[in-house]
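>>> what's the 3D shape of this:
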Amino acid sequence: MSGGPIYWTTADAYGLLGIIYEGGPGQDGKGIYVYGLATPDVVKRWIDQCPQPS
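Okay, the predicted model is just below:
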């Protein structure tokens, strides 16, 4: 799961919440847990630092 996207969604909209850095089975064995980092603002800053093609 590490490096995968964390999305949020409603009936009318969706977006990127962050990037997974750790995940695994939940304590109850029925779900999963996901820890994330790199909020959309951080991802946008990373993209802005990429060299632009000439």
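>>> how far out from the middle of the chain is the biggest strand by length in the chain?
The longest strand of the chain (DSSP state E) is strand 14-25. Between the centre of strand 14-25 and the centre of its chain there are 4 Å (CA atoms, centre = their mean, to the nearest Å).
>>> strand partners of the helix or strand following that strand, parallel vs antiparallel please.
Using DSSP states H and E, the helix or strand that follows strand 14-25 in sequence is strand 32-37. Strand pairing for strand 32-37, using DSSP bridges, gives strand 14-25 (antiparallel).
>>> Buried residues of the strand it pairs with, list them for me.
The neighbour-count check on strand 14-25 (16 or more other CB atoms under 10 Å) flags Leu17, Gly18, Ile19, Ile20 as buried. To be clear about C-beta, it is placed using only N, CA and C from the backbone, and glycine gets the same treatment.
>>> so who does the last one touch?
Neighbour list for Ile20: Met1, Ser2, Gly3, Gly4, Pro5, Ile6, Val34, Tyr35, Gly36 [criterion: CB atoms under 8 Å, 6 or more residues apart in numbering].
>>> List the contacts of the lowest-mean-pLDDT helix or strand in the chain.
In the chain, no helix or strand scores lower on mean pLDDT, DSSP states H and E than strand 32-37, which sits at a mean of 83. With CB under 8 Å, 6+ apart as the test, strand 32-37 has contacts from 1, 6, 17-27.
>>> which one of these sits closest to Trp46?
Nearest to Trp46 among these is Ile19, at 10.0 Å by CB to CB.
>>> and that closest one, what is it in contact with?
Each residue near Ile19 by CB under 8 Å, 6+ apart is listed here: Gly3, Gly4, Pro5, Ile6, Gly36, Leu37, Ala38, Val43.
>>> Recalculate using a threshold of 6 Å.
Ile19 is in contact with Ala38, counting by CB atoms under 6 Å, 6 or more residues apart in numbering.
>>> So what sits opposite it in the bridge?
Beta bridges link Ile19 to Pro5, Leu37, judged by DSSP bridges.
>>> That one and Ala11, how far apart?
25 Å (CB to CB, to the nearest Å).
>>> beta partners for Gly24?
Under the criterion used here (DSSP bridges), Gly24 is bridged to Tyr33.
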